[in-house]
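A.B. asks: Give me a model of this one.
(chains A and B, ligands or ions: 2)
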Amino acid sequence: MISERLMDILIDSFWNILLPGLTMTIPLTFISFAIAMVIAVAVALVQFAGIKVLKEIARFYVWVIRGTPLLVQLFVVFYGLPNIGILIDPFPAAVIVFSINEGAYSAETIRAALEAVPKGQMEAGECVGMTYLQIIRRIVLPQALRIAFPPLSNSLIAMVKDTSLAANITVTEMFMATQRIVARTYEPLALYIEVGLIYLLFCTVLARLQRIGEKRMGVYGR
Amino acid sequence: MVDNLLSVKGLSKSFGSGKILDSINLDVGKGDVIAIIGPSGAGKTTLLRCISFLERADAGYMAFADKEYSLHDAPRKDILDFRRKTGFVFQNYNLFLNRTAIGNITEGLIIARKMPKAEAEAKGMELLRKVGLEDKAGSYPSELSGGQQQRIAIARAMASDPLMIFFDEPTSALDPELTGEVLSVMRQLADDGMTMLVVTHELGFAENVSDRVIFMENGIVVEDAPSGKFFSEPEKERTKEFLATFIER
Ligand SMILES: Nc1ncnc2c1ncn2[C@@H]1O[C@H](COP(=O)(O)OP(=O)(O)O)[C@@H](O)[C@H]1O
Ligand SMILES: [Mg+2]
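C.D. replies: Numbering: from 1, shown residues only, chains lettered A, B, ... in the order given. Ligands and ions are numbered 1, 2, ... in the order given. Down below sits the predicted model:
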């Protein structure tokens, strides 16, 4: 069924797709996600602690980011900002947008997790004389991050796939690499399935890692 | 009295429109063990929580260890200061879930008091020995029975050498066969001279261990008497009724 010519194209293209996957898709995902986590923890804590003005800013941020399409955000930063003299290279532009976008979603996840930590943990900390920040840092936040681990892993896996949108702002990640090969070979069906399978491979590895992670830190002491 | 360790005056607290505590006065002498009893909803928990600043009272102040505190708007510094001189034992233990037994005891020492780790751990082991759980030092709360968790919670409350420990129904969440181990740790603590304010349904503890019993209902102190007198010849009708319902059961 699969002609020899198609077979050759698939084999030749495999490395040409996988390579940008390893050098672009994966770094874009992990760098963005790491920055997103820093943003998310800060935004979640500001809301959880109810710090006056910052809380409003945090809410506004989450509202705007969750209420607008990721693709629009990419276009605003990459194609829009040059209008006011801000030019950012494709890769850093993608990192900025993905981390700000994911930061808003993960902030909600972590905020919910902070609220899921039993109130008594905070009170017990107060009663042994710890300050609010000490209790948050040593008792409440570590427990919240464990609670948030499965949904955050989910977000990470979703982000691997979402990075394909960066093709729209000329980041030569896996999907763009595939599009280029399609333009040369006119084999869209086989090649798009091929890149899909490579995404599947990446996500399968991450899902496996998630399961190992969950097992290792399910419940304290179990 | 001059030698009161704790003296609460005019403590009032409402939640919404309900007056939960109505101008409570309470004196606790150094070394006293006081049991607070009363029906559910009387305001016993709220009383302990207001004194410990877990809840902000609408009015009232207290003197503790020769220092004055507003129960309504004490500054953070005062609250921290009070907490470092007292311990609190919760009905449902509230052990730090991400810390081992020994970690629960040393956490406050190392973090709040900046005690060197080795010293804190030596102290933690000594306290675990006192509550009979030195072999559980490395166990997490999820691996321990309720009775064991509560004994560790008591050890945690003792860790900072407090002047006084508050107990909010320390045995109410436990299966009946586990209350004994916790009560015996508390009795030991009382024998060692600790000042204790204990909300409890254990009339045996109130009668045999405590020096004084306070009966609360509807946010007021109905009766406050030495424990012998409280049980043998209570003054108030309401106290007699309450004790009768208990003895029937
Ligand atoms: N945080 C709260 N918000 C509203 N009502 C409360 C709160 N805490 C306690 N109450 C009410 O205050 C009353 C006394 O409660 P509590 O002090 O727990 O009584 P006790 O410990 O004697 O059983 C109850 O009617 C309870 O419903
Ligand atoms: Mg209660």
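
A.B. asks: any idea of the pLDDT on residue 80?
C.D. replies: Because you didn't say which chain, this covers chain A. Model confidence at A:Gly80, given as pLDDT, is 97.

A.B. asks: look at chain B instead
C.D. replies: 94.

A.B. asks: and it, helix, strand or coil?
C.D. replies: When the structure is reduced to helix, strand and coil (DSSP: H, G, I helix; E, B strand; the rest coil), B:Leu80 reads as helix.

A.B. asks: do B:Leu21 as well
C.D. replies: strand.

A.B. asks: For it, grab the count of nearby residues.
C.D. replies: 27 (other Cβ atoms under 10 Å in any protein chain shown). Every C-beta, even on glycine, is put in place using the N, C-alpha and C of the backbone.

A.B. asks: Likewise for A:Glu115?
C.D. replies: 14.

A.B. asks: Surely it and A:Phe48 touch.
C.D. replies: Yes: counting by Cβ atoms under 8 Å, A:Phe48 is a contact partner of A:Glu115 at 7.0 Å.

A.B. asks: From the contact counts, what lies against the lowest-mean-pLDDT helix or strand in chain A?
C.D. replies: None of the helices or strands of chain A scores lower by mean pLDDT, DSSP states H and E than helix A:4-20, at a mean of 93. In terms of contacts (3 or more Cβ pairs under 8 Å, 6 or more residues apart in numbering or on different chains; DSSP states H and E), helix A:4-20 is packed against helix A:174-185, helix A:188-216.

A.B. asks: For the longest one, name the packing helices and strands.
C.D. replies: Packed against helix A:188-216, as judged by 3+ Cβ pairs under 8 Å, 6+ apart, are the following elements: helix A:4-20, helix A:141-162, helix A:174-185.

A.B. asks: Report the buried residues of it.
C.D. replies: Residues of helix A:188-216 classed as buried: A:Leu191, A:Glu194, A:Val195, A:Ile198, A:Tyr199, A:Phe202, A:Leu206, A:Gln210 (neighbour count, 16 or more other Cβ atoms under 10 Å in any protein chain shown).

A.B. asks: which residues does the second one contact?
C.D. replies: By Cβ atoms under 8 Å, 6 or more residues apart in numbering or on different chains, the contact list for A:Glu194 reads A:Leu10, A:Ser13, A:Phe14, A:Ile17, A:Thr178.

A.B. asks: just the fourth one next, same as before
C.D. replies: Residues near A:Ile198 by Cβ under 8 Å, 6+ apart: A:Ile17, A:Leu18, A:Gly21, A:Met174.

A.B. asks: near ligand 1 too, which of the contacts of A:Glu194?
C.D. replies: Filtering the contacts of A:Glu194 for proximity to ligand 1 (criterion: Cβ under 6 Å from any ligand atom) leaves nothing.

A.B. asks: can you list the residues you listed in CSV and add neighbour count?
C.D. replies: As requested, these are exported to CSV (neighbours: other Cβ atoms under 10 Å in any protein chain shown):
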residue, neighbour count
A:Leu10, 18
A:Ser13, 22
A:Phe14, 14
A:Ile17, 24
A:Thr178, 24
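
A.B. asks: Show me the shaky parts of chain B.
C.D. replies: B:1-2, B:248-249 (pLDDT under 70).

A.B. asks: Angles on the backbone of the residue in it that chain A sits nearest to, please.
C.D. replies: Nearest to chain A, among the residues of chain B, is B:Tyr140, at 2.6 Å (Cβ to the nearest Cβ). Note on B:Tyr140: its backbone torsions stand at phi -90, psi 160 [degrees, to the nearest 10].

A.B. asks: tally of neighbours for it?
C.D. replies: Counted with other Cβ under 10 Å, B:Tyr140 comes out at 20.

A.B. asks: what's the distance between the least confident helix or strand of chain A and the middle of its chain?
C.D. replies: 28 Å (Cα atoms, centre = their mean, to the nearest Å).

A.B. asks: Buried residues of it, list them for me.
C.D. replies: A:Ile9, A:Leu10, A:Ser13, A:Ile17, A:Leu18, A:Pro20.

A.B. asks: Then stretch B:124-142?
C.D. replies: For stretch B:124-142, a neighbour-count test (16+ other Cβ under 10 Å) marks B:Gly124, B:Leu127, B:Leu128, B:Lys130, B:Val131, B:Leu133, B:Lys136, B:Ala137, B:Ser139, B:Tyr140, B:Pro141 as buried.

A.B. asks: chain center to that stretch, what's the gap?
C.D. replies: The chain centre lies 20 Å from the centre of stretch B:124-142; the measure is Cα atoms, centre = their mean.

A.B. asks: cool, and stretch B:4-15?
C.D. replies: Taking mean C-alpha positions (Cα atoms, centre = their mean), stretch B:4-15 and its chain are 15 Å apart.

A.B. asks: next one: stretch A:104-124
C.D. replies: Using Cα atoms, centre = their mean, the offset of stretch A:104-124 from its chain centre is 20 Å.

A.B. asks: Count the neighbours of the closest residue to ligand 1 within chain A for me.
C.D. replies: Closest residue of chain A to ligand 1, Cβ to the nearest ligand atom: A:Lys119 (10.4 Å). Using other Cβ under 10 Å, the number of residues around A:Lys119 comes to 11.

A.B. asks: roughly how far apart are it and B:Gly18?
C.D. replies: 21 Å (Cβ to Cβ, to the nearest Å).

A.B. asks: residues in contact with the longest helix along chain B?
C.D. replies: Among the segments of chain B that qualify as a helix by DSSP state H, the longest is helix B:176-191. Around helix B:176-191, the neighbours that count as contacts under Cβ under 8 Å, 6+ apart are B:33, B:130-132, B:145-148, B:150-151, B:154, B:158, B:165, B:167, B:170-171, B:174, B:196, B:198, B:202, B:204-205, B:209-210.

A.B. asks: Helices - which of the residues you listed land there?
C.D. replies: B:Lys130, B:Gly146, B:Gly147, B:Gln148, B:Gln150, B:Arg151, B:Ile154, B:Met158, B:Gly204, B:Phe205.

A.B. asks: ok, B:Glu68 - contacts?
C.D. replies: Going by Cβ under 8 Å, 6+ apart, the list of residues near B:Glu68 reads B:Tyr61, B:Met62.

A.B. asks: how near is it to B:Ser23?
C.D. replies: Counting by Cβ to Cβ, the gap from B:Glu68 to B:Ser23 is 18 Å.

A.B. asks: again with B:Ile247
C.D. replies: To B:Ser23, B:Ile247 is 31 Å away according to Cβ to Cβ.
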